[in-house]
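Trainee: give me coordinates for this.
(4 chains)
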Number of protein chains: 2
Amino acid sequence: MTAMGSEQVTRRRDGQPAVADVVAAIRDGIVNGDYAPSQRLVEADLVEAYGASRAVIRSALVELAADGLVDRLPNRGARVRAVTLDEAIEIVEVRMGLEGLCASKAASSITDAQIEDLRKLRADILAAVERGELMEYSRLNRVLDQRIEQISGHATATAILHRLRAQAVRHQFRLSHQPGRAVVSAPEHVAIIDAIIAREPDRAEAAVRAHLRSVIEALRAIGGAHGQRAS
Amino acid sequence: MTAMGSEQVTRRRDGQPAVADVVAAIRDGIVNGDYAPSQRLVEADLVEAYGASRAVIRSALVELAADGLVDRLPNRGARVRAVTLDEAIEIVEVRMGLEGLCASKAASSITDAQIEDLRKLRADILAAVERGELMEYSRLNRVLDQRIEQISGHATATAILHRLRAQAVRHQFRLSHQPGRAVVSAPEHVAIIDAIIAREPDRAEAAVRAHLRSVIEALRAIGGAHGQRAS
DNA sequence: GTTCACTAAGTTGTAGACAATTGGTACACC
DNA sequence: GGTGTACCAATTGTCTACAACTTAGTGAAC
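Mentor: Reported below is the predicted structural model:
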């Protein structure tokens, strides 16, 4: 019994193969929480839900497994990968290295136009926090990450970061909904922006790492309070 | 026309699905150079080469594409991914972050038994360089990387590192065959071991990063001399 | 009452056939 | 002579059927 009756995927959106659409649909379902962690993904059910053949569903699951969003046990089917708190912390630790690298590169190569863009983003972030618009603040943080990756021009790091963030999205969500979290993290984000704008690579990297260290501590605090939900 | 007529993969080694065997076989073929960069991987040819059905081959290609060893263009097939020099440098930059993290963690959590193990490895490395056994030296370097990852206990970073190293194996190979390269890199490796043995996380991370910076410079030097081979 | 083997339902793994797309080639047309 | 179009071969994308595996449930033997 699948959680939701997602209406049939639009077939052949354009030149793209059908399997790409199904992958996108299931991926969205996982990151949006329509599929719960550890939930079984039975191929026959997905066939009915998305109106695709089993071969297509199967290819999609293989792809999602390679992305780390799905666990596939031989002969025992696929299920939504449940990322434990420890794994989430590991992911943030890896992000420290990668986002630090991107911030450093961004500070080295940023153009005047991009600096102007970041200045505006900084103002928007501060405004959102000021007004208590948590959703908007959260969205702007994602935009900031995108901007830094884009400015850094580091395709390899960017690709890995996208995968990792998708995997840990649930923990990130819980974290961003902690009361008072925005007030703590906003200055950290501003510090990152300032360092990049000032074209100081080392300071930018340090600011990113400091921010993510604070994220790890916050994750530990939540996890310790809630306890780890078993599968 | 595939490069080699690898005899049929042993079917159903144990409980493992056939696709796992095919993935391993093709992966080996790519990293060992049996398949050249940019070489087309036509599904029908692979079916004949490995004696598996096209569905199996297809799944294997999807998995390898996610691993970054294969490029798959919609309706246009798969080919061995050709990693450019710039991409290889990006990969090493990412490794700086990840291997630095692992070395730092390893230095924090290393046990006495593991220290003894690293001492022996250090002696073996120095002996191999002394005797000019480049193959053995190269092998021991890989062992060192494994040991550090294992001691660090960082599964996430380790998994990413394995993927990245597989992608750049061709550049790494060229690099390790540069005359005089071992003499330069051996002291760097020893410095890494010493810092970890001394249980000094920051020094260990710095030593790893210094080593990889030297790798990047060496890559640039080779690449500049040889020029980049176009696809 | 417990344990083991067997059976049957449910689910995944594999295979081969068919459909759709791409890229090149020959031919007509301007 | 250059250009556009229609065909054809090669290759990938998708579908359906069948085989193999896992798991839970039933019943007999100890």
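Trainee: quick check: the residue of chain A nearest DNA strand C.
Mentor: Across chain A, no residue is closer to DNA strand C than residue A:77, which sits at 2.9 Å (C-beta to the nearest atom of the strand). To be clear about C-beta, it is placed using only N, CA and C from the backbone, and glycine gets the same treatment.
Trainee: does that residue touch residue A:40 like I think?
Mentor: Yes. Using C-beta atoms under 8 Å, residue A:77 makes contact with residue A:40 at a distance of 6.1 Å.
Trainee: I figured residue A:149 hits residue A:158, correct?
Mentor: Yes. Applying C-beta under 8 Å, one finds residue A:149 in contact with residue A:158, separated by 4.4 Å.
Trainee: now do stretch A:35-50: distance from first to last residue.
Mentor: For stretch A:35-50, the first and last residues are 14 Å from each other (C-alpha to C-alpha, to the nearest Å).
Trainee: is it anywhere near DNA strand C?
Mentor: Yes. On the criterion C-beta under 7 Å from any atom of the strand, stretch A:35-50 is in touch with DNA strand C at A:40-44.
Trainee: show me which of those residues are buried.
Mentor: When the residues of stretch A:35-50 next to DNA strand C are checked for burial by 16 or more other C-beta atoms under 10 Å in any protein chain shown, the buried set is residue A:41.
Trainee: looking at the residues of stretch A:35-50 next to DNA strand C, which one is closest to chain B?
Mentor: Out of the residues of stretch A:35-50 next to DNA strand C, the one with the shortest distance to chain B is residue A:43. That distance is 13.3 Å, counting by C-beta to the nearest C-beta.
Trainee: ok, now which ones touch that closest one?
Mentor: The neighbourhood of residue A:43, defined by C-beta atoms under 8 Å, 6 or more residues apart in numbering or on different chains, consists of A:54, A:57-58, A:61, A:77-78.
Trainee: host element of the closest residue to residue A:214 other than its chain neighbours?
Mentor: Counting by C-beta to C-beta, 6 or more residues apart in numbering or on different chains, residue A:188 is the residue found nearest to residue A:214 once chain neighbours are left out, at 6.2 Å. When elements are assigned from DSSP states H and E, residue A:188 belongs to helix A:181-197.
Trainee: how about residue A:79?
Mentor: Assigned by DSSP H and E, residue A:79 falls within strand A:77-80.
Trainee: that strand - contacts with which helices or strands?
Mentor: Counting contacts by 3 or more C-beta pairs under 8 Å, 6 or more residues apart in numbering or on different chains; DSSP states H and E, the secondary-structure elements packed against strand A:77-80 are strand A:40-41, helix A:54-66, strand A:70-73.
Trainee: let's see that with 6 Å instead.
Mentor: Using 3 or more C-beta pairs under 6 Å, 6 or more residues apart in numbering or on different chains; DSSP states H and E as the contact definition, the elements that strand A:77-80 packs against are strand A:40-41, strand A:70-73.
Trainee: what about the residue nearest to residue A:214, neighbour count?
Mentor: Each residue near residue A:188 was counted by other C-beta atoms under 10 Å in any protein chain shown, and the total is 16.
Trainee: just want the angle from the helix or strand containing residue A:49 to helix A:54-66.
Mentor: Applying DSSP H and E as the criterion places residue A:49 in helix A:43-50. Orientation of helix A:43-50 against helix A:54-66 (axes from the mean of the first three to the mean of the last three C-alpha atoms, to 10 degrees) gives an angle of 100 degrees.
Trainee: any idea of the mean pLDDT for helix A:43-50?
Mentor: The predicted model gives helix A:43-50 an average pLDDT of 94.
Trainee: that helix: how far from the chain's middle?
Mentor: Distance, stretch centre to chain centre, for helix A:43-50: 26 Å (C-alpha atoms, centre = their mean, to the nearest Å).
Trainee: which positions in chain A make contact with DNA strand D?
Mentor: Residues of chain A lying close to DNA strand D (C-beta under 7 Å from any atom of the strand) are A:17-19, A:52-56, A:59, A:74-76.
Trainee: give me the buried entries from those.
Mentor: Burial of the residues of chain A next to DNA strand D was assessed by neighbour count (16+ other C-beta under 10 Å); the buried members are A:18-19, A:52, A:56, A:59.
Trainee: want to throw these into JSON lines with distance to residue B:86?
Mentor: Supplementary listing: these in JSON lines, determined by distance: C-beta to C-beta, whole Å:
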{"residue": "A:18", "distance to residue B:86": "34"}
{"residue": "A:19", "distance to residue B:86": "31"}
{"residue": "A:52", "distance to residue B:86": "38"}
{"residue": "A:56", "distance to residue B:86": "35"}
{"residue": "A:59", "distance to residue B:86": "31"}
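Trainee: confidence score at the residue nearest the centre of chain A?
Mentor: Centroid check for chain A by C-alpha atoms, centre = their mean gives residue A:165 as the closest residue, at 2.8 Å. Residue A:165 is assigned 96 on the pLDDT scale.
Trainee: that one in helix, strand or coil?
Mentor: Classification of residue A:165 into helix, strand or coil gives helix, according to DSSP: H, G, I helix; E, B strand; the rest coil.
Trainee: skipping its backbone neighbours, what lies nearest residue A:161 in space?
Mentor: residue A:98 (5.4 Å).
Trainee: so what's that neighbour up against?
Mentor: Contact analysis of residue A:98 by C-beta atoms under 6 Å, 6 or more residues apart in numbering or on different chains lists A:157, A:161, B:97.
Trainee: wait, which of those residues is closest to residue B:123?
Mentor: Closest approach between these and residue B:123, by C-beta to C-beta: residue B:97, at 29.4 Å.
Trainee: neighbours of the closest one, how many?
Mentor: Residues within reach of residue B:97, counting by other C-beta under 10 Å, total 29.
Trainee: isn't it right next to residue A:101, touching?
Mentor: Yes. Under the criterion of C-beta atoms under 6 Å, residue B:97 is in contact with residue A:101, at a separation of 5.3 Å.
Trainee: list the buried residues of the helix or strand residue A:212 falls within.
Mentor: Secondary structure from DSSP H and E places residue A:212 in helix A:201-226. Under the neighbour-count criterion of 16+ other C-beta under 10 Å, helix A:201-226 has A:201, A:203-209, A:211-212, A:215-216, A:218-219, A:222-223 buried.
Trainee: can you tell me which one of those sits lowest on pLDDT?
Mentor: residue A:223 (73).
Trainee: not counting sequence-adjacent ones, nearest residue to that residue?
Mentor: Closest residue in space to residue A:223, ignoring its immediate chain neighbours: residue A:85 at 4.0 Å, by C-beta to C-beta, 6+ apart.
Trainee: number of nearby residues for the one you found?
Mentor: When neighbours are counted by other C-beta under 10 Å, residue A:85 registers 18.
Trainee: which of the residues in stretch A:82-90 are buried?
Mentor: Neighbour-count burial for stretch A:82-90, with 16+ other C-beta under 10 Å as criterion, is recorded at A:82-83, A:85, A:87-90.
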